[in-house]
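quick check, what structure comes out for this input:
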Amino acid sequence: MKHIWIAAAPALLLLALVACAPLTDEVSCPDGSELFDEYRLFFGRNIGDVEGVSDDDWRAFLADTVTPRFPDGLSVFDAAGQWRDSQGEIVREPSKMMLILTVPDSDAPQKLDEIANVYKQRFNQESVLRVTDSVCVAF
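Numbering: from 1, shown residues only. Next comes the predicted model:
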């Protein structure tokens with residue numbers, strides 16, 4: 001068995017190096033577009049088994065927590081969420097999806113952490129899902 005490990009070591013080292021490499025090369029955008037970071041956040045609206053985040057609650061959260069951090073703009077969509085809670089139960093709930101575009105290397109991740117933390121505290125939520133990507137944008 002010792003000989004197999006020694007023979008496999010270079011292949012394992014190469015695999016480890018590849019796994020640590022960036023997932024994509026530098027993104028090259030087509031003419032007329034530019035690179036932005038795209039963030040999608042998903043906010044569940046149930047508190048326990050009932051919809052506890054009303055439309056008025058959401059508008060207030062958007063106005064006092066989100067907009068001051070991203071005054072240049074964002075989009076919000078109604079969504080139907082489904083996920084498995086910490087007890088293993090499937091939970092279905094009305095949700096909001098927020099889409100924010102920022103220039104790369106901005107302080108957006110910190111602001112998004114703050115937004116998620118405020119939402120979780122204010123509305124007794126376990127989590128806020130965040131998806132991050134690099135995209136080419138043209139206005």
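
can you name the next helix or strand after the lowest-mean-pLDDT helix or strand in the chain?
Here the helix or strand of the chain ranked lowest by mean pLDDT, DSSP states H and E is helix 2-20, holding a mean of 43. Sequence-wise, the next helix or strand downstream of helix 2-20 (DSSP states H and E) is strand 34-44.

what pairs with that following strand, parallel or antiparallel?
If you go by DSSP bridges, strand 34-44 pairs up with strand 90-102 (antiparallel), strand 129-137 (antiparallel).

what mean pLDDT does the last one have?
Right, the one you point to is strand 129-137. Mean pLDDT, computed over strand 129-137, is 97.

can you check the first one too?
With pLDDT averaged residue by residue, strand 90-102 scores 94.

ok now it, how far from the chain's centre?
9 Å (Cα atoms, centre = their mean, to the nearest Å).

could I get the buried residue list for it?
Glu93, Ser95, Lys96, Met97, Met98, Ile100, Leu101, Thr102 (16 or more other Cβ atoms under 10 Å). The C-beta positions use only the backbone N, C-alpha and C, and glycine is treated the same way.

same thing with stretch 101-121?
Result for stretch 101-121 [16+ other Cβ under 10 Å]: buried residues Leu101, Thr102, Ala108, Lys111, Leu112, Ile115, Ala116, Val118, Tyr119.
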